[in-house]
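>>> model this:
(one chain, ligands or ions: 1)
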Amino acid sequence: MFSLFSSLISPHAYLESEVIEMYIRDISAALEKHSTKKYSRRSLRNITSLTIHHSGTEGGSAQSFASYHVNRLGWPGIGYHYVISHDGTIVKTNSADTVSYHAGQANRFSIGICLTGDFTSGKPGYSQWTALKELCRKLSSDFSISDNRILGHREQPGAATICPGFDVAVLRQQLGESLFFRIGKGDRGAGVIRLQKKLMAAGINPGQIDGIFGPLTETALKKFQSSAGIIPDGVYVSTTNEALRAARRTLREQIPMQRGYDVLIVQQTTHVKQDGIFGPQTAASVKGYQRSRRLTPDGIVGSKTWIYIINGWR
Ligand SMILES: [Zn+2]
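Down below sits the predicted model:
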């Protein structure tokens with residue numbers, strides 16, 4: 001039997017995240033174990049770090065990793081504490097007090113989280129990435145772990161590996177940003193680019209998408225705030241972010257054709273003629289874009305495709 005629990009997380013803690021529900025299935029009891037060997041246990045007080053891994057394989061599952069660790073490597077059980085699939089499903093594979101094998105010297109004090117996939121080239125997709133962030137938030141809250149103790153396997157002491165392939169600094173930055181972001185005049189960077197794209201997606205022209213919060217971005221933001229019934233202070237915080245998300249249309253090929261800045265940003269992103277009118281060519285380019293990102297290639301820009309467009313995920 002699987003024990004099942006779900007936690008519904010307050011949206012206020014996840015300002016820039018789009019999914020707020022997280023389910024974790026505990027399958028630890030059902031996974032293959034060594035007939036005689038046992039992992040040692042630790043006090044939960046000793047947990048001070050999270051270690052992020054990738055499986056280094058395109059496919060696989062907690063069951064297949066457990067089988068490999070036990071039968072091929074002769075370990076007492078699966079090495080990881082959690083496994084996250086491509087679709088964002090999280091399973092718990094060891095209790096937190098298990099000192100399992102996954103990160104050498106860091107085994108004693110860390111919890112091992114494995115993303116199924118090979119990220120030496122390419123990055124985790126949206127669902128998997130979001131699940132990872134939410135799991136990290138939950139565990140860092142449960143065990144009072146600060147963001148700078150969330151490390152890639154290769155960043156742990158004594159590790160000689162490229163695992164997990166991608167740069168975990170990006171994860172730490174997003175975990176920090178999402179709690180405290182406040183963007184205004186003079187700011188620059190990725191957060192400003194996301195704001196500019198979100199303004200376009202809400203049908204307002206912020207000028208060039210250049211990552212610089214100048215007068216045009218400020219005017220556009222104030223215009224949006226006024227239209228959404230928010231005090232037009234030209235400062236981008238969580239309330240405005242929620243309103244920007246709510247203001248996005250679903251774009252699709254239809255009669256009459258949809259027009260606007262939101263169509264324009266879709267055309268810019270999917271590299272098709274930029275006329276601001278959603279016709280058959282735009283629908284076809286959206287399908288190609290979706291296919292290359294493993295999204296359902298339906299040619300419709302709904303909430304999930306919008307998230308990819310805004311975040312610039314490849
Ligand atoms: Zn690893």
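>>> Next to the ion, which bits of this protein? Give me the list.
Within the chain, the positions near the ion by Cβ under 5 Å from the ion are 53, 153, 163. Any C-beta I mention is one placed from the backbone N, CA and C, and that applies to glycine too.
>>> Could you measure from the second one over to R252?
Relative to R252, H153 is positioned 42 Å away (criterion: Cβ to Cβ, to the nearest Å).
>>> Please say which of those two ends up with more neighbours.
H153 (24 against 16; other Cβ atoms under 10 Å).
>>> Make sure the more buried one is actually in contact with P164.
Yes - under the criterion of Cβ atoms under 8 Å, H153 makes contact with P164 at 5.9 Å.
>>> So for the two, which residues contact both of them?
Here H153 and P164 have 52-53 as joint contacts, going by Cβ atoms under 8 Å, 6 or more residues apart in numbering.
>>> what secondary structure does the residue of the stretch 1-150 of the chain found nearest the ion sit in?
Closest approach between the stretch 1-150 of the chain and the ion, counting by Cβ to the ion: H53, at 3.3 Å. Put simply, H53 is strand when judged by DSSP: H, G, I helix; E, B strand; the rest coil.
>>> Where does the residue nearest to it when sequence neighbours are not counted fall, secondary structure wise?
Take H53 and drop its neighbours on the chain: the residue closest to it by Cβ to Cβ, 6 or more residues apart in numbering is C114, 4.4 Å away. Using DSSP states H and E, C114 maps to strand 110-115.
>>> That strand - what's its average pLDDT?
The pLDDT scores in strand 110-115 average 98.
>>> dump the residue contacts of the residue of the stretch 1-150 of the chain closest to the ion.
Counting by Cβ under 8 Å, 6+ apart, H53 makes contact with 80, 102-103, 112-115, 153, 163-164.
>>> In the chain, mark out all the strands, start to finish.
Per DSSP state E, the chain carries strands over the ranges 3-8, 21-26, 40-41, 49-54, 82-84, 90-92, 98-99, 110-115, 150-152.
>>> By residue count, tell me the biggest helix in the protein.
In the chain, taking DSSP state H as the definition, the longest helix is helix 126-142.
>>> before we move on, back to that, weakest of the strands of the chain in terms of mean pLDDT?
Mean pLDDT is lowest for strand 3-8 among these, at a mean of 32.
>>> Could you list the low-confidence segments of this structure?
1-22, 177-180, 314 (pLDDT under 70).
>>> How is it divided into domains?
The chain breaks down into these domains under automatic domain parsing: 3-180, 181-247, 250-314.
>>> re earlier: how about the longest helix of the chain, which residues are buried there?
Using 16 or more other Cβ atoms under 10 Å as the test for burial, helix 126-142 gives 126-137, 139-140.
>>> so what secondary structure elements neighbour it?
strand 21-26, strand 49-54, strand 82-84, strand 110-115, helix 168-180, helix 303-311 (3 or more Cβ pairs under 8 Å, 6 or more residues apart in numbering; DSSP states H and E).
>>> Show the contacting residues for the closest residue to Q281 other than its chain neighbours.
Distances taken as Cβ to Cβ, 6+ apart put V272 closest to Q281, at 5.5 Å, once the chain neighbours are dropped. Applying Cβ under 8 Å, 6+ apart, one finds that V272 lies in contact with 281-282, 284-285.
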